[in-house]
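Engineer: structure of the sequence below:
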Amino acid sequence: MTPAPLLVFDFDGVLVDGMAEYWWSARRAAQGLAPGLRLPEEAPLAFSQLRPRIHKGWEMVLLAAELSRPSFDLMGTLAHYDRALALALDRWGWSPASLQQALEQVRRQAIAADRPAWLALHRFFPGVEQRLTHLGEEGADWVVLTTKGGSFAAQLLAAAELRPLAIYGHEQGSKPEVLAALLAAQAATACPRSLWFVEDRRPTLEQVRTTPGLEAVRCFLVSWGYLAPGDRHGLADQGITWLEPGSFAAPLAAWP
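Structural biologist: Take a look at the predicted model:
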C-alpha cells in the first residue's frame, strides 16, 4: 500500500490571509527606520497589487517606504520587480537584513503588548482549519514551509489549535533547500512518502520545478492566494497543478 503523502504548505496566502497584518507591521517598521514617513493607516490598493510579487518579509517594509514617494512607479515596479527592489534599497540605504530585523521587532513588540490584537489581524482562509484537522484521518502528515519567521507562524497555528509535524521558517533556508532536505529524509526511511507542495506564489513553484533533485515534488498553486494576473495560465506546461477550494476539501486521493 502506498503511504499517504507528506503535505508541505506555504503559510501566508495558502493557510492564512494576513494582508491587514502585513501592512500594519510593514508600515510601522518603515516608520521606525525613517521617522516622519507619512503612510496611511489602511493598506493602499498599490500594496495589495504588489503583494503577489513579494517573496520575503523585508520586501514589504521597503515597498511601504516606496509608497510614500509621490513619484513611485507602480507599473514599472510590477514589470521589473527585482530591479525596482535593488534601486529602492540603494535609494533608502537599507539592507534586507536590517529591514527583516525591523519587521520582526515590530511583530515581537506587538505580540508582547497585545497578543490577541495581533492575532486578530489574521484570518484562516475558509475551510482551511477543518481540512488540516482531518488530514490525519487519511494517514497524512503536514508541515509548514514559510518565508515568515517560524515563531510567528507557530503563534498563529497554536492559537487555532493546529499542530503540524514541523514548521520551517526563513531561518531554515530557502524553500527549495528545505524541500530537498525533506526529500532526503524521506528517502532514508523504510516507507518513503511523496512530497506535495502547496503554494500561492507561482515563481516559487517554478523555481522548485527547475531545481535539480526536486523533480518528484508535486506542486500545487492555490486559487485563493495572492495571485498575479495570468498566474493560472500555462501551469500544466510547468508541471504545476491548479488547486481550487473544492479539490482542497476533497480526499487526497481525489486531488487533481
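
Engineer: can you give me the helices for the stretch 151-256 of the chain?
Structural biologist: Using DSSP state H, counting those that start in this stretch, the helices of the stretch 151-256 of the chain run over 175-187, 202-209, 245-249.

Engineer: can you list contacts of the longest one?
Structural biologist: Applying C-beta atoms under 8 Å, 6 or more residues apart in numbering, the external contacts of helix 175-187 come out as 6, 8, 10, 143, 145, 147, 168, 172-173, 192-195, 197, 204, 207-208, 211, 213-214, 216-217. C-beta: built from backbone N, CA, C; applies to glycine.

Engineer: at 6 Å what do you get?
Structural biologist: Residues from elsewhere that reach helix 175-187 (C-beta atoms under 6 Å, 6 or more residues apart in numbering): 145, 168, 172, 192, 193, 195, 204, 208, 211, 213, 214, 217.

Engineer: what comes up buried for that helix?
Structural biologist: Within helix 175-187, the residues that qualify as buried are 175, 176, 178, 179, 180, 182, 183, 186, counting by 16 or more other C-beta atoms under 10 Å.

Engineer: re earlier: can you lay out the helices of the stretch 151-256 of the chain as CSV showing distance to residue 38 and mean pLDDT?
Structural biologist: Shown next, in CSV, are these (distance: least, C-beta to C-beta, whole Å; pLDDT from 0 to 100):
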stretch, distance to residue 38, mean pLDDT
helix 175-187, 35, 97
helix 202-209, 32, 97
helix 245-249, 39, 97
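
Engineer: closest to residue 236 out of those helices?
Structural biologist: Residue 236 sits nearest to helix 202-209 of all these, at 11.6 Å, using C-beta to C-beta.

Engineer: what angle separates the closest one from helix 175-187?
Structural biologist: Interaxial angle of helix 202-209 relative to helix 175-187 (axes from the mean of the first three to the mean of the last three C-alpha atoms, to 10 degrees): 40 degrees.

Engineer: who does helix 202-209 touch, helix- and strand-wise?
Structural biologist: Counting contacts by 3 or more C-beta pairs under 6 Å, 6 or more residues apart in numbering; DSSP states H and E, helix 202-209 packs against strand 218-222.
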